[in-house]
Structure formats: structure tokens, C-alpha cells
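**Q** Make a model of this:
(4 chains)
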Number of protein chains: 2
Amino acid sequence: MATIIDVAQQAGVSVKTVSRVLNNESNVREKTAERVRAAMKALDYTPSTAARELRSGRSRSIGMLFSDPSSGFQARLHHAALTACSDAGYFLAAGIFDETAENWRRQLAEFLARTRVDNMVLVPPLCDSDDLLQELVDHEVATVLISPSHAPEGAHVVRMDDYGAAREITDHLLALGHTRLGHLTGPKGHVASADRERGFLDAIRADGRAQVREDWIRPGLFRFKEAVAAAESMLGGVDRPTAIFAANDETAAAVCFAAGRMGLRVPDDLSVAGFDDAPIATTVWPPLTTIAQPFDAMAEAMVTLIGETPLQGEARWCGKTLTLPHALRPRASTSAPAS
Amino acid sequence: MATIIDVAQQAGVSVKTVSRVLNNESNVREKTAERVRAAMKALDYTPSTAARELRSGRSRSIGMLFSDPSSGFQARLHHAALTACSDAGYFLAAGIFDETAENWRRQLAEFLARTRVDNMVLVPPLCDSDDLLQELVDHEVATVLISPSHAPEGAHVVRMDDYGAAREITDHLLALGHTRLGHLTGPKGHVASADRERGFLDAIRADGRAQVREDWIRPGLFRFKEAVAAAESMLGGVDRPTAIFAANDETAAAVCFAAGRMGLRVPDDLSVAGFDDAPIATTVWPPLTTIAQPFDAMAEAMVTLIGETPLQGEARWCGKTLTLPHALRPRASTSAPAS
DNA sequence: TTGAAAGCGATACCAA
DNA sequence: TTGGTATCGCTTTCAA
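**A** Residues are numbered from 1 along each chain as shown, chains lettered A, B, ... in the order given. The predicted model follows:
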């Protein structure tokens, strides 16, 4: 494997000049830089990460902590982060972290010592732990929070607009002609699903034609079983909604399940919309109309933010908030109501 | 952060001795080693990965390539690998790899150059690409294959016993008293699901009481929609199975869905069993009886194998095959048939 | 704008 | 069983 010395010889310059080109330092004549780049390509040169890290003290790794990597949300974010890091030449150092463990501070210290990252990404629900963030600040680790409930000082935030997305998907149902709309909410205390409920309500009120029916807003709690029960009680009588928006895709699938059990066909007799564009949205039949969270864009934004964050100084702790655009995915589970 | 020199001074020995302790070399007097370990603990010393990698040329990273990280199987393996690596002090360098891309060789070379791993783990379906394995051998990268269709020369294999697991879950249904058993197969060419079908058939034949009914063995193809159709045609007549074993959990969920639509209750009117213990197995209601793949054990085995693999020499290419025990997870979706 | 030399923190080789 | 010293590939410092 070629080293920086080989490149320097090939290009007829000093190693320092090669290093300058490698780090995009400005004070290199363009012609020289060109020659160096050609030499790199000719020798198929890749700089040694180990050597760079050793000497510079800074690592090309970004830390990412998961509390429950089997959760679909975290897994998808993980994947997106992997891709984004790989594209930007970073390394993703993922770790499992148990925030409820007695010795979590020690766990964290070990992770930091082993990986030597100086940037960290926290995904829900870890991103809402102020203690954890404080500990990271104490370790001088700059942090990006993904979709936190609130935006604390001293951390960057990357999020999507749950409220706006919920309005949009509700508007989609209204535009199809539905005026009898039900909603399955998420768990209490889950800020994103509170936003989704608000979006649902505001969309209906803004539209004017439909009415908010308190008994058609029920807890789905993000759980299949509870959602089936809620949907069944909502769909039981003759006076029932023609469309239901569930706060996530699992509970939307549960609505389809309940509808099937009651002899209602989706979407002919009942339109169903979900949220997240989780794998289940396209495994069930019919596939679910839903909101795709901008995982890829979030991951890219996070890498960009980290790239812009200086290694030290005041500016390191100036948090920015980025809100990324989601996408409505209309699929076969929603259609105009039967007249 | 403390360095090896600090530790050496604190312990009153040379750096080389500290290095020996660090690497568990045998030729250190136990008393000296003890003193060194005490010094390490006192100084809260963590060796610099960068320096170790730079000097030794070997990396503490294990590469893992995914073709589709959103697949549940790959995601769960990824998680398990993450935990196992973290426990064993390795780093997991995960990468997205597109085996169908024109320039896959270049992709691979870049991954290897950037990560400098000398051990790689391949998960399905990548683990069945002989070209990829050959390329890794050419790059001197020792490889562990997870659940490959066949065991090629020059790679370790870690797998589970799909055939035995299918027999076991079928025996579970037989033991409950079912004699009318249906099966939803996976896609053609998917070796694991062919094994599952064989296990199903052999269990029935060995039992003797039940009979194999060709028309109760239908393609589920691992897809919800197809599985719903297959289940509906199987359950349509009065002459229908009292239990169905689906080759994975998604299609087992589809069977529940179809049953609900036809007014059959699970498990009272129909027992349903799946395979994989995927998230959907516990999201749907009732939760599915299924087979848990030994992801954690596989990941640990993979790390152990890699730890035992020498860095060079003939022994590096002697493949071992490890078959790990699965677990039957009896849940509410199966019960004795109504008499 | 460019280069020479020192050194990051560990391991390897050879010597004691 | 132990220690001294060169060295891995790069960045940093200082000088030209």
C-alpha cells in the first residue's frame, strides 16, 4: 500500500506538500496540487486513518449511541448514518448504550476512550436525556440530537416537522373527500405523536367541512393489540369514520387487521393512513399511505453539521436547528370514500 | 489521557513490558504483570487504537458488508454483531455494498483501503457470492460467512439449523394435537426455506398420525400479499387445516390477517406458527409462536472465530463450520385444536 | 509557497 | 524475564 512518501516522490514534492493537498490547505499552488493529486491517483493512494488520528489527535469517527437498535426508527437512522458517513469519509462508531444502567457514566467514558470520537449523535429516546448531554459536554464532545423533544443549549438539532406532516396527510384524506375522520394517537409523553395529533386536529378545523369527533380519537399507543381494540370500538357502530389516520404504521396495520375482521375492505370501505413509512407499510396489503421521514437527509445534515463544527472554542457549542422536509407517500390504503 | 509511558513509569517498568501485558504475552512474571495492571487502572489508561493500528498494521476492526440493511434479518445481525464486537473490544466497520453494481470490485477495494480490516463478515445474500469471496481472499481478508447456502473453501461458516428448527416447531404443533397441518413456503432458491419445508415434511412423516397434504403446501414467498392469498385458498373450504406453519413471521402474520378476514379466530380456530422471531411476531395480536434465530450467539461465535484466526499462514484459510442452537418460542398463536 | 525534522503512542526486533 | 531503540504514516512546528 502506497504511503505519503511514495506520493511525494512520484509528484516530486515534499511530504508536507502532499499533506497540505490532503487536508485542503489553501497555500498550495494549484499546479502543484494538481500534480500531487495525479500522483495519488496513479499510486492508488489512501491515507492511513490510524496515522492521521494518531498524529492529529482528532478522529474521523462519529459516535452514535443507541438504546434499542432493534427499534425500527433507530435501525433506519443507523443505516442512513452509515451511508452518509461512508460518503463523507467518516467512520461511524456505533454503540449500544443503556441509559438506565447504574454505571452509565462509566459506560460512556469507556466508549469515548475506546473510540476517541469528538462528535456524537444521539437518537430518540437518548436525545432527551439532559444528564447524558451534560456528560458529553463535560467530555468536550460536540453533539447532534436527532428529533429531540426540546432543543437544549449546546447541541445541534436535526429534526422533521411532525406537526406539518400530520396536517399534510390529513389534508390528503380531506382532499379525497373524507369528512368522517378518526385518529389513533401514540403514547402519552411521546412529543412527536402529540404533534401529530395537533396536526390532525388543525387540518380538520382549517378545512371546515369535517368535524372533530372526540370519540373518534383514541389511544393506539403504537401497539398493535391496543390499536386493534381502539379501531374495533371506533368501527363498531353504523355511525363510523370513513378514514383513520394512525400515528404510526404498526397501528395503521392494526386498523387494517381490525377492518378485515369486521368485513370492511380497505380502501373501499375504509381509508387508512399511517406514519413513518416503516417496513410494515409495504409488507401488508394494501400498502399503506404514510409519511416518509427524511432519514437520509437527516443523516447527511448531521454529517455536514459535524464537519462544520470546530474542534474547540466557543463556536463548538453554538447549536443550530435544522428541520428537514418529509414526504407524503400516497399508496393503495387510501381512496375516495364510497358515496 | 494517559499513555503507555505514564503507565511504565507508574509501574516502574519499561514500556515494552507494559506492551507485553497489554497483549497478554506469556513471558512476563505474574507479579510484574500485576503491578502493571494496577498502574493501568490507577491512571485510567486506555491504549490508543490509532497507535496500535499504525504500528502493528493489524486493525481492531471487523468489516461487515450489507446489501440491504433495512432487511430485518440483516439489521438484527448487525445489532448482534455490534454488541459482540463492543464486548470483545473490536470495532465494527459496517458498509453498504451493492453486489450488482458494475464497479463492485472498486467499491470493495475502497472499503478495504479505508477501514484496513483484515477480517470480514458476510451476511445473506452476500455470503453466497463466490466472486466476492474470491476477491476477499485475493486481498488476504479472512472471511466469516453467516448462514450461507453452501460452505465454500477458505471461509469460516456460522449458521443455524433451519431443518431441525422446522422439525421442532412442527413437532410442537403435532404435540398440541394437530393432525391437519398446512405450510407456507418461502421463495424458490432460498435454501433456508427449502430446509424449513423439508423439516416440516419429515416431522409429519416421522409422527405418523398426520398426513402430508400437497394442497396445503403453498408458496408464501415471504410476501404478505401472496401469503394472504395462499392462506385464503387453503382455509376456504370446510376441509381445512387446523394449524399453519409459515416459513417466516411476515407470512405468518398474513395468515392471521386472512384468518381474521374469514371469521376464524387465532388460536381457537387456527393455530399459526412463524419463523425468525422478527419484530412483527410480537407486534401482532396474538403474538406468534416462532423460532428465534441465535443472532447473539452467531455474532459471538463470529468474533471468537476471528480472534482465533491467525493473521497469515495456511491456518488463516482453514474454514470451520459452527452450527448454533436456535430456540422455540411458544406464544399465544398456537394451542390445541378445537375438538 | 515550500521543505526538513520532530514526534504522536504504540509494537517489533534485538540485546541483555 | 526484561529493556532499549527504531519505526509505523502522518501532521505540526519552524525555517527558508
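**Q** Tell me which residues of whichever strand or helix holds A:Val255 come out buried.
**A** Secondary structure here is read from DSSP states H and E; on that basis A:Val255 sits in helix A:249-261. Along helix A:249-261, these residues count as buried under the neighbour rule (16 or more other C-beta atoms under 10 Å in any protein chain shown): A:249-261. Yep, even glycine has a C-beta here, placed from its N, CA and C like the rest.
**Q** Tell me which residue lies nearest the centroid of chain A.
**A** Averaging the C-alpha coordinates of chain A gives a centre point, and the residue nearest to it by C-alpha atoms, centre = their mean is A:Phe295 (4.3 Å).
**Q** so what's that residue up against?
**A** Applying C-beta atoms under 8 Å, 6 or more residues apart in numbering or on different chains to A:Phe295 gives the contacts A:Arg76, A:Leu77, A:His79, A:Ala80.
**Q** Over to A:Thr309?
**A** Contact partners of A:Thr309, counting by C-beta under 8 Å, 6+ apart, are A:Asn119, A:Ala142, A:His156, A:Ala315, A:Arg316.
**Q** try A:Arg167
**A** A:Gly199, A:Phe200, A:Asp202, A:Ala203, A:Ala206.
**Q** closest to A:Val137 among those residues?
**A** Nearest to A:Val137 among the contacts of A:Arg167, counting by C-beta to C-beta, is A:Gly199 at 32.9 Å.
**Q** excluding its backbone neighbours, what's nearest the closest one?
**A** A:Ala166 (2.7 Å; C-beta to C-beta, 6 or more residues apart in numbering or on different chains).
**Q** Please report the number of neighbouring residues for the one you found.
**A** 28 (other C-beta atoms under 10 Å in any protein chain shown).
**Q** Tell me how many other residues surround A:Trp104.
**A** Counted with other C-beta under 10 Å, residues neighbouring A:Trp104 total 16.
**Q** Please disregard the earlier target; I meant A:Thr170.
**A** Here the neighbour count serves as a burial measure; for A:Thr170 (other C-beta under 10 Å) it reads 26.
**Q** measure the closest residue to it other than its chain neighbours to A:Leu173 for me?
**A** Spatial nearest neighbour of A:Thr170, chain neighbours left out: A:Ala203 (3.6 Å); criterion: C-beta to C-beta, 6+ apart. For A:Ala203, the distance to A:Leu173 under the criterion C-beta to C-beta, to the nearest Å works out to 9 Å.
**Q** Looking at the two, which is more packed in?
**A** Just comparing A:Ala203 and A:Leu173: by other C-beta under 10 Å the higher neighbour count belongs to A:Leu173, 29 against 23.
**Q** buried sites along stretch A:61-78?
**A** The neighbour-count criterion (16+ other C-beta under 10 Å) identifies A:61-69, A:71-78 as the buried residues of stretch A:61-78.
**Q** Among these, which are located in strands?
**A** Those of the buried residues of stretch A:61-78 mapping onto strands are A:Ser61, A:Ile62, A:Gly63, A:Met64, A:Leu65, A:Phe66, per DSSP state E.
**Q** Is it correct that the fourth one is in contact with A:His79?
**A** Spelled out, that is A:Met64. No. At 11.3 Å, A:Met64 and A:His79 do not qualify as touching, with contact defined as C-beta atoms under 8 Å.
**Q** Provide the backbone phi and psi angles at A:Pro279.
**A** Reported as degrees, to the nearest 10, the phi and psi values for A:Pro279 are phi -50, psi -40.
**Q** how deep is it tucked in, by neighbour count?
**A** Residues within reach of A:Pro279, counting by other C-beta under 10 Å, total 20.
**Q** Around DNA strand D, pick out the residues from chain A.
**A** A:1, A:3-5, A:15-16, A:19, A:22-23, A:45, A:47-48, A:51-52, A:54-56 (C-beta under 7 Å from any atom of the strand).
**Q** Could you check how far the residue nearest to A:Thr170 is from A:Glu110?
**A** Separation of A:Ala203 from A:Glu110 (C-beta to C-beta): 47 Å.
**Q** Could you do A:Thr282 as well?
**A** Using C-beta to C-beta, one obtains 39 Å as the distance from A:Thr282 to A:Glu110.
**Q** Kindly report the same for A:Ala165.
**A** Applying C-beta to C-beta, one obtains 38 Å for the distance of A:Ala165 from A:Glu110.
**Q** Same check on A:Ala33?
**A** Taking C-beta to C-beta as the measure, A:Ala33 and A:Glu110 are separated by 41 Å.
**Q** element containing A:Ser19, please.
**A** A:Ser19 belongs to helix A:15-22 when assigned by DSSP H and E.
**Q** Could you give me the buried positions within the helix or strand just after that helix?
**A** Per DSSP H and E, helix A:15-22 leads on to helix A:30-43 as the next helix or strand towards the C-terminus. The neighbour-count criterion (16+ other C-beta under 10 Å) identifies A:Thr32, A:Ala33, A:Arg35, A:Val36, A:Arg37, A:Ala39, A:Met40, A:Leu43 as the buried residues of helix A:30-43.
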